[in-house]
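K.L.:
Provided below are the primary sequence and the corresponding predicted coordinates.
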Amino acid sequence: MPGTPEYTLVHHTDTGSCSTPQTCSAKMVAFQQYHMDTNGWSDVGYNFVIGGDERVYVGRGWGKVGAHANSSFYNRHSVGIAITGEYTGSLPSDGVLSVLNQLMECGVESGNLSPAYIIKGHRDVRTTDCPGDALYNEIKTWSHYGDLGATTEEPQSWTADVTQEISQGSCEGLTFVSRSEWEAVSPRSTTAMSGTPDYTVVHHTVYGSCDSLQTCSAKMLGFQRWHMNARGFTDVGYNFVIGGDGRVYVGRGWGTVGAHAGSDYNPNSVGIAIMGDYTSSPPSSGLLSVLNQLMGCGVESGNLSPSYKMKGHRDVRSTECPGDALYNEITTWSQYEAVGHLVMSTMALPCLAVVGIICLSVGSNGVFGKTSAHEMRSSKNKDSPCDTLVFVNRTQWHAKPPKAVALMPVPVGYTIIHHTDTPQCYTLDECSANMSIFQEWHFKKGWNDIGYNFVIGGDERVYEGRGWDTVGAQAGSTYYNHHSEGIAIIGNYMTELPTPGVLKVFHQLTACGVHLGYLTDRYVLRGHRDVRQLGPTDCPGDKLYAEIRTWPHYLEPTDDDTT
């Protein structure tokens, strides 16, 4: 740190609490792993964490710049202290609050915190609910608390970290929200464009517009999660996304090849999506103005050819995106280039059924047909087992947010197959309703989310549960939850098998996991009854279980030493 810090920032971890050194230490390891592997940070973000056992767990410690505030200014001038647990409706115990006060006094006495320090909640310096309503209301009564108006120095670097204001020509007045502000995960890799792009491709995200920094940032994170975890892309596919709040959210940004328009157009275009569904009505005049300004900004900054041509996504892929109303609007603009002028050869790809459904499924990505080769995690081959799968993301089936997320190291070596032991479903609406029921049931069991990583419906779609890289709650075994992909097939398969089409989707999904690097190529297949340690189960049903035991990847439990 550049000097003695003048602030403490209080957080809650928004996870379950802990009550013993063993459980609290395990949580610290999980926090560190998440911060390093997902956020790309050099260490756990907090300086200290207080456990429910009233012990203080050292994160970065005194004197070290943290990564907890999402603000360069506050990271360098504050001590970040988190309390394990979720404190929206209730407070930490009196003992834990006493430890928090003692820790700050310790900082003052040891010279690691200014005697005149100001305490703030995380929400005071960024858009977040942290540290929870109850805890925030409590610390506001403490003598060292100071709201933003009490700050003795205007933290200009914090403002710059939240939004980037560009003051030149058409860029003036545009408000860019940086990747750090919407809490983007670091990309797996990036590919620089080889020259100044000649095209812009316009998209709509289909699902849910937004009207605030907080809600639009959450949607950006959802788009990125879907693109990386379900579609296998290296990052969110778009270069920029325009929110209903009029801000421009940075995706891959200028100069980086996107994954929004197919392998021919991705290297030579800027992909710009507008949040919302514009099938029946166009975006507001304000949002259309932002779109025009953004393209003008690209020209003035040298990131877009002055003679660029604009296209709708449907001009380069077989899709309804960007919606009839928005498409009809942009075709009247001077920069628009009609389909007849195409110089590429990506029209009328033979995947209309897949792309049309994906445009509905992925929310923002009504945009993607076949995944281009460089977007696959591990293969250079354009023909991917993922290409013919139709994924339905969490937004599409109306998932509630998870209470907590724990990432698992990939690739994993096991796939666990389940049946849901419920009636089958055969349409998008029916299967989506089933997914919501499964999630509610799993919440009532005390789980953080729906337990499965993926669920296959009778409509032969793949419904995203926790996704490829998140620890599940499906195996009834701590070991297998952390080392397997849990895939359920909707239905009861005690006396009958799933349809051949559904079984084919299962095989394609596991092959897709191998292709993307989430499953080892020698993964072991198990039935749920093979691994459950919480008591016997009939899952995945006698008939399906007998079937999978004939498959090449199945290995009898006695044939390995995993417990």
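P.N.:
Alright, I've got the coordinates.

K.L.:
how much space between residue 300 and residue 85?
P.N.:
As judged by CB to CB, to the nearest Å, residue 300 and residue 85 stand 49 Å apart. Quick note: C-beta positions are derived from backbone N, CA and C, even for glycine.

K.L.:
The two: who's more crowded?
P.N.:
Taking neighbours as other CB atoms under 10 Å, residue 300 and residue 85 compare with residue 85 leading, 24 against 16.

K.L.:
And that one, which helix or strand is it part of?
P.N.:
Here residue 85, judged by DSSP states H and E, is contained in no helix and no strand.

K.L.:
Equivalent analysis for residue 134, please.
P.N.:
Assigned by DSSP H and E, residue 134 belongs to helix 133-139.

K.L.:
Same question for that helix: list its buried residues.
P.N.:
If you call a residue buried by 16 or more other CB atoms under 10 Å, then helix 133-139 has these buried ones: 135, 136, 138, 139.

K.L.:
Give me the contacts around it.
P.N.:
Helix 133-139 has contacts (CB atoms under 8 Å, 6 or more residues apart in numbering) with 10, 12, 83, 87-92, 97, 119, 121, 123, 131, 145.

K.L.:
Relative to the whole chain's centre, how far out is it?
P.N.:
On the basis of CA atoms, centre = their mean, to the nearest Å, helix 133-139 sits 28 Å off its chain's mean C-alpha point.

K.L.:
that older thread, which two among the contacts of helix 133-139 are spaced furthest apart?
P.N.:
Spanning the widest gap among those are 89 and 119, at 21.6 Å by CB to CB.

K.L.:
More neighbours: these two, which one.
P.N.:
residue 119 (22 against 8).

K.L.:
how about the helices of the stretch 401-550 of the chain, start to end?
P.N.:
428-444, 478-483, 500-516, 528-531, 542-548 (DSSP state H, counting those that start in this stretch).

K.L.:
Reformat the ones you listed as a markdown table; add distance to residue 24 and mean pLDDT.
P.N.:
A markdown table is the format used below for the helices of the stretch 401-550 of the chain (distance: least, CB to CB, whole Å; pLDDT from 0 to 100):
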| stretch | distance to residue 24 | mean pLDDT |
| --- | --- | --- |
| helix 428-444 | 24 | 91 |
| helix 478-483 | 17 | 89 |
| helix 500-516 | 33 | 93 |
| helix 528-531 | 28 | 90 |
| helix 542-548 | 39 | 95 |
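
K.L.:
Deepest in the core, which of the ones you listed is it.
P.N.:
helix 528-531 (a mean of 22; mean count of other CB atoms under 10 Å).

K.L.:
export that one as CSV, just CAs?
P.N.:
Taking C-alpha atoms only, helix 528-531 is exported to CSV below (Å, rounded to 0.1, in the frame of the first residue of the first chain):
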residue,chain,number,x,y,z
HIS,A,528,-26.2,-42.3,-9.6
ARG,A,529,-26.7,-45.5,-7.7
ASP,A,530,-23.0,-46.3,-8.1
VAL,A,531,-21.7,-43.2,-6.2
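
K.L.:
can you tell which of the helices of the stretch 401-550 of the chain is closest to residue 257?
P.N.:
Residue 257 lies closest to helix 500-516 among the helices of the stretch 401-550 of the chain, at 18.5 Å (CB to CB).

K.L.:
Name the residues that touch the closest one?
P.N.:
232, 376-379, 384-386, 388-389, 411, 415, 417, 454, 456, 458, 460-462, 468, 485, 487, 489, 497-498, 519-521, 523, 525, 547, 553.

K.L.:
Quick one: neighbours of residue 175, just the number.
P.N.:
17.

K.L.:
actually residue 115, not the one I typed
P.N.:
9.

K.L.:
What strand or helix carries the residue nearest to the spatial centre of the chain?
P.N.:
Nearest to the mean C-alpha position of the chain, by CA atoms, centre = their mean, lies residue 225 at 2.8 Å. Assigned by DSSP H and E, residue 225 falls within helix 213-225.

K.L.:
these two touch, right, residue 131 and residue 87?
P.N.:
Yes: counting by CB atoms under 8 Å, residue 87 is a contact partner of residue 131 at 6.1 Å.

K.L.:
Spit out the residues that contact the two alike.
P.N.:
Common contacts of residue 131 and residue 87 (CB under 8 Å, 6+ apart): residue 12.

K.L.:
picking that back up, ok, now how distant is the residue nearest to the centre of the chain from residue 509?
P.N.:
Taking CB to CB, one finds residue 225 at 18 Å from residue 509.

K.L.:
Then residue 178?
P.N.:
35 Å.

K.L.:
Check residue 243 too.
P.N.:
Per CB to CB, residue 243 is found 32 Å from residue 509.

K.L.:
Run a quick check on residue 87 versus residue 130, I expect a contact.
P.N.:
No: under the criterion of CB under 8 Å, residue 87 makes no contact with residue 130, lying 9.2 Å away.

K.L.:
what about residue 120, is that helix, strand or coil?
P.N.:
Here residue 120 takes the strand state, with states given by DSSP: H, G, I helix; E, B strand; the rest coil.

K.L.:
and it, what does it touch?
P.N.:
Contacts of residue 120 (CB under 8 Å, 6+ apart): 7, 8, 9, 10, 78, 145, 146, 147.

K.L.:
What count of nearby residues applies to residue 78?
P.N.:
26.

K.L.:
swap in residue 255?
P.N.:
Neighbours around residue 255, by other CB under 10 Å: 16.

K.L.:
tell me the contacts of the residue lying closest to it once chain neighbours are set aside?
P.N.:
In space, and not counting its chain neighbours, residue 255 is closest to residue 193: 5.4 Å by CB to CB, 6 or more residues apart in numbering. The contact partners of residue 193, taken as CB under 8 Å, 6+ apart, are 255, 256, 257, 267, 268.

K.L.:
Report pLDDT for residue 193.
P.N.:
pLDDT for residue 193: 92.

K.L.:
mind giving me the domain split of this protein?
P.N.:
If you go by automatic domain parsing, the domain ranges for the chain are 7-153, 163-350+361-374, 412-559.

K.L.:
what about the shortest one, distance to the chain center?
P.N.:
Relative to the chain's own centre, domain 7-153 is displaced by 24 Å; criterion: CA atoms, centre = their mean.

K.L.:
Tell me which helix or strand comes right after the lowest-mean-pLDDT helix or strand in the chain, heading toward the C-terminus.
P.N.:
One helix or strand of the chain scores below all others by mean pLDDT, DSSP states H and E: helix 352-361, with a mean of 26. Scanning forward in sequence from helix 352-361 by DSSP H and E, the next helix or strand is strand 391-392.

K.L.:
now that following strand: mean pLDDT?
P.N.:
92.

K.L.:
what does stretch 402-409 give?
P.N.:
86.

K.L.:
first to last residue in it, what's the distance?
P.N.:
End-to-end distance of stretch 402-409 (CA to CA, to the nearest Å): 19 Å.

K.L.:
What of stretch 535-555?
P.N.:
21 Å.
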